[in-house]
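Chemist: the following block contains a protein sequence and its predicted model.
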Amino acid sequence: MQYEEILEQLKSLSNPEAVAGMARYGINPDNTYGISIPVLRKIAGEIGKNHLLALRLWSSGIHEARILACMIDVPELVSEEQIENWVRDFDSWDVCDQCCSNLIDKTEFAYRKANEWSDRDEEFVKRAGFVLMATLSVHDKKAGDKELLKFLPVIIKKANDERNYVRKAVNWALRQIGKRNLNLNRAAIETANEIRKMDSKAAKWIASDALRELTDEKVQKRLRG
C-alpha cells in the first residue's frame, strides 16, 4: 500500500462525531479523523513493517497517520535523532502512548529515554518518559528487577507534577512496576507510601490510587501464584 493510498483511506474513514468525542477526552482535534485504534491496527497489519513509509506518514502531521507510523516502523532502524524529533511533535496523550508502547520501548535506547524524558519540562515529553517506564515493565520480559527498581526514585522525584497527563503517567508507571512480581510489588508499595507523605495533591492522588491496586487481593493472589 502506497503513501497516497493510505492517506486517502484514512480520509475516507473520517468521523467528525468521533473527533468531537476524542476532544472531550483531551485528544487534540486538529488534523484528526476520529479513527479507532482497532481499525488503525488492522490497517497497520495490511501495510506491514516499513520504516521509510513510517517516516513519510509521520511527516504528514495527520493524527491517525502518526499512530500508524509508530505501528509499522521497525525498531532496529529507528535512530535517536528520529525519536527525538517525534517526541517533540507529541500533542496528544494517545499519540504519545501509542508511540511508546508500539515502538520506542522496543528500541535499544528505551531505558535511557525513559530517564531523560522524565526530566524534561514539556508535558507530553515528560509523560513519554513515564509511559516508557510503564510499558517496559510489561513488555520487556528479559528485564531484571534491578533495571526497573532504578525508575522508583525518579517516580518519587516527579510525583508532585500537578499536570494531568504527567501525574497519570507517573501513577501508571508505579502501578505497572508494582504488578510485575512480588519483589517489585513490595518496592512499589514502599514508594507509594513515601509519595503519600508529600505535600502535593498530585502526589497524594498518585499514591492512593496506586496503593489501591497494588494491595488489591486479586493482584496479590496473582503475584503469589
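Modeler: Thanks, I have the structure now.
Chemist: how far does the lowest-mean-pLDDT helix or strand in the chain sit from its chain's centre?
Modeler: Every helix and strand in the chain was compared by mean pLDDT, DSSP states H and E; the lowest is helix 16-24, with a mean of 86. In this view, helix 16-24 has its centroid 21 Å away from the chain centroid, taken as CA atoms, centre = their mean, to the nearest Å.
Chemist: please point out which parts of the helix or strand following it sit buried.
Modeler: Using DSSP states H and E, the next helix or strand after helix 16-24 towards the C-terminus is helix 37-47. Neighbour counts over helix 37-47 (16 or more other CB atoms under 10 Å) mark 40, 43-44, 47 as buried. C-beta: built from backbone N, CA, C; applies to glycine.
Chemist: pull the CA atoms of the longest helix seen in the chain into PDB?
Modeler: Once the chain is assigned using DSSP state H, the helix that runs over the most residues is helix 123-139. Provided in PDB are the C-alpha atoms of helix 123-139 (Å, rounded to 0.1, in the frame of the first residue of the first chain):
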ATOM      1  CA  GLU A 123       4.200  17.900  29.300                       C
ATOM      2  CA  PHE A 124       4.000  15.200  26.600                       C
ATOM      3  CA  VAL A 125       7.700  14.600  26.600                       C
ATOM      4  CA  LYS A 126       7.700  14.100  30.300                       C
ATOM      5  CA  ARG A 127       4.700  11.900  30.000                       C
ATOM      6  CA  ALA A 128       6.500   9.800  27.400                       C
ATOM      7  CA  GLY A 129       9.300   9.100  29.900                       C
ATOM      8  CA  PHE A 130       6.900   7.600  32.400                       C
ATOM      9  CA  VAL A 131       4.800   5.800  29.800                       C
ATOM     10  CA  LEU A 132       8.000   4.100  28.700                       C
ATOM     11  CA  MET A 133       8.600   3.000  32.300                       C
ATOM     12  CA  ALA A 134       5.100   1.500  32.400                       C
ATOM     13  CA  THR A 135       5.300  -0.200  29.100                       C
ATOM     14  CA  LEU A 136       8.900  -1.500  29.600                       C
ATOM     15  CA  SER A 137       7.600  -3.100  32.900                       C
ATOM     16  CA  VAL A 138       5.100  -5.000  30.900                       C
ATOM     17  CA  HIS A 139       6.800  -5.700  27.500                       C
END
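Chemist: what sits against the residue lying closest to Trp93 once chain neighbours are set aside?
Modeler: Spatial nearest neighbour of Trp93, excluding adjacent residues (CB to CB, 6 or more residues apart in numbering): Tyr165 at 5.2 Å. The contact partners of Tyr165, by CB atoms under 8 Å, 6 or more residues apart in numbering, come to 26, 93, 96, 123-124, 127.
Chemist: same thing with Val125?
Modeler: Going by CB under 8 Å, 6+ apart, Val125 touches 87-88, 90, 117.
Chemist: ok, Val95 next?
Modeler: 63, 66-67, 70, 89.
Chemist: so how far is Glu217 from it?
Modeler: Using CB to CB, to the nearest Å, one gets 36 Å for the distance from Val95 to Glu217.
Chemist: give the contact list for the residue nearest to Ala54 when sequence neighbours are not counted.
Modeler: Distances taken as CB to CB, 6+ apart put Asp73 closest to Ala54, at 3.7 Å, once the chain neighbours are dropped. Residues in contact with Asp73, defined by CB under 8 Å, 6+ apart, are 49-51, 54-55, 103.
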